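Novice: Provide a 3D model corresponding to the input given below.
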Amino acid sequence: MNHISKIVLSGGPSGGKSRAIKMLIPKLNEYGYKVYPVFESAEEVLSEGFDRDKPVYEFQKAIALNQLKREKEIENSIPENENAVIICDRGLMDARVYLDDEDFERIKTELGMSEIDLRDRYDAVFHMDSTSNSSKSAYINGGIRIESESEAQSINEKSLRAWCGNPHYRFIPVCESYHKKFDILLKEVKSFLGIPKPLEIERKFLIEYPDTDYMLTLPCSKSFIEQSYLTGKNGRFRLRKRGENGSWIYIKTVKRKISETVREEKETRLTKEEYENLMNENILTGTIRKERYCLMYKGTYYEIDIFPFWNKQAYLEVELLSENEKIRIPEFIKVIREVTYDPRYKNSSLCNSIPKEEI
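Specialist: Have a look, this model is predicted:
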């Protein structure tokens, strides 16, 4: 069976996405990955003679159809058992940036896809912050990039909002030099792919019940999670069903504890049928349900879980690149205390025993 990771480089104009893909290819080749690039679909559509004076909806539809075609062609061409990575210069969810609510609903209907399908078909998304959004580097347009600096800033912000909710979303800031920015991206991509090891490094905090209405005015997305813990012939594992409005993604996770903050983690995307078979064929030891708010704030991606059994408190998690990385909690989040090292607040423990609220 193929092991294919599909990632997106997104963000506003002049973020360095195309350049980054070309630089990632030889770097990832060194680690044994075959990289399949999907360069910007808008450029391909225009090069094939699309009239840019047509309505924005028609242009975005042509881009989406071309993107789907290119992704499927590549997926079907990858040899069996190849360690492959598909890297896309923008993805299907970027249509949200350029369309109003009515046209976005229309394109979802015509594609026969939900918002979850558009966003979470990709395993990871890296937002390459636009130079229009920073004083560290000059904004440059040209070629198919005709946006003014203020228009580029708006696109950058809308892109940041559109992809919130993807299970692995990271922010790559503008730096003093592009090479420093690329080094940050490479470190994040390697971490996602599990180079040299697939580690999960996270900190967990018990927080006061947050202002969810306010959070949803920020780059933030809400989804529903049903998380089950099972035991089979090869040991314990977790199954997660994540989405909303009847549209779901399914993930199997196997973890091995290294320290209180570090775990070796292997995730596998499942079909609905595979998920249901695993649920039926193994011993269920517990299930927990929750609402998850994925919040991108000042360059950090936070996951805030709301549980049905607590009315005054919630749970915040943040994944890190290293155990020593400094954490900045958003100022509107009130921390009760850190619970990284308290086994009672593991999700697997909460399935069976719920600590009393602390406020």
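Novice: and what about residue 213, helix, strand or coil?
Specialist: helix (DSSP: H, G, I helix; E, B strand; the rest coil).
Novice: contact partners for it?
Specialist: With contacts defined as Cβ atoms under 8 Å, 6 or more residues apart in numbering, residue 213 is in contact with no residue. For every residue, glycine as well, the C-beta is placed using N, CA and C.
Novice: in the longest strand along the chain, which residues are buried?
Specialist: For the chain, the longest strand by residue count, based on DSSP state E, is strand 283-297. For strand 283-297, a neighbour-count test (16 or more other Cβ atoms under 10 Å) marks 286, 288, 290-297 as buried.
Novice: and if you look at stretch 38-47?
Specialist: 38-46.
Novice: show me these that map onto strands.
Specialist: Going by DSSP E, the strands hold residue 38 from the buried residues of stretch 38-47.
Novice: related to what we said a few turns ago, each with direction, which strands does the longest strand of the chain pair with?
Specialist: strand 220-232 (antiparallel), strand 300-306 (antiparallel) (DSSP bridges).
Novice: flag every buried residue along the first one.
Specialist: This points to strand 220-232. Those would be 220-223, 225, 227-230, for strand 220-232 by 16+ other Cβ under 10 Å.
Novice: just give me the closest of these to residue 312.
Specialist: Minimum distance to residue 312 across these is 19.3 Å, recorded for residue 222 (Cβ to Cβ).
Novice: phi and psi next, for the closest residue to residue 190 other than its chain neighbours.
Specialist: Spatial nearest neighbour of residue 190, chain neighbours left out: residue 31 (7.6 Å); criterion: Cβ to Cβ, 6 or more residues apart in numbering. When quoted as degrees, to the nearest 10, the phi and psi of residue 31 stand at phi -100, psi 10.
Novice: roughly how far apart are residue 31 and residue 300?
Specialist: Taking Cβ to Cβ, to the nearest Å as the measure, residue 31 falls 26 Å from residue 300.
Novice: out of these two, which sits in the busier spot?
Specialist: residue 300 (17 against 13; other Cβ atoms under 10 Å).
Novice: so that one touches residue 328, yeah?
Specialist: Yes. Shown here, residue 300 and residue 328 form a contact pair, counting by Cβ atoms under 8 Å, at 6.6 Å.
Novice: where does pLDDT dip in the stretch 51-200 of the chain?
Specialist: 134-146 (pLDDT under 70).
Novice: pull the distance from stretch 320-338 to the chain's centre.
Specialist: With Cα atoms, centre = their mean, to the nearest Å as the basis, stretch 320-338 stands 19 Å off its chain's centre.
Novice: in it, which residues are buried?
Specialist: Neighbour-count burial for stretch 320-338 [16+ other Cβ under 10 Å]: 320, 329-330, 333.
Novice: quick revisit: how far away is the residue nearest to residue 190 from residue 347?
Specialist: Counting by Cβ to Cβ - residue 31 and residue 347 are separated by 31 Å.
Novice: now swap in residue 262 and tell me
Specialist: Taking Cβ to Cβ, one finds residue 262 at 17 Å from residue 347.
Novice: got a list of contacts for stretch 174-192?
Specialist: In contact with stretch 174-192 (Cβ under 8 Å, 6+ apart) are residues 5, 7, 9, 16, 19-20, 23-24, 27-28, 31, 123-124, 126, 128-131, 133-134, 136-137, 168, 170, 172-173, 199, 321.
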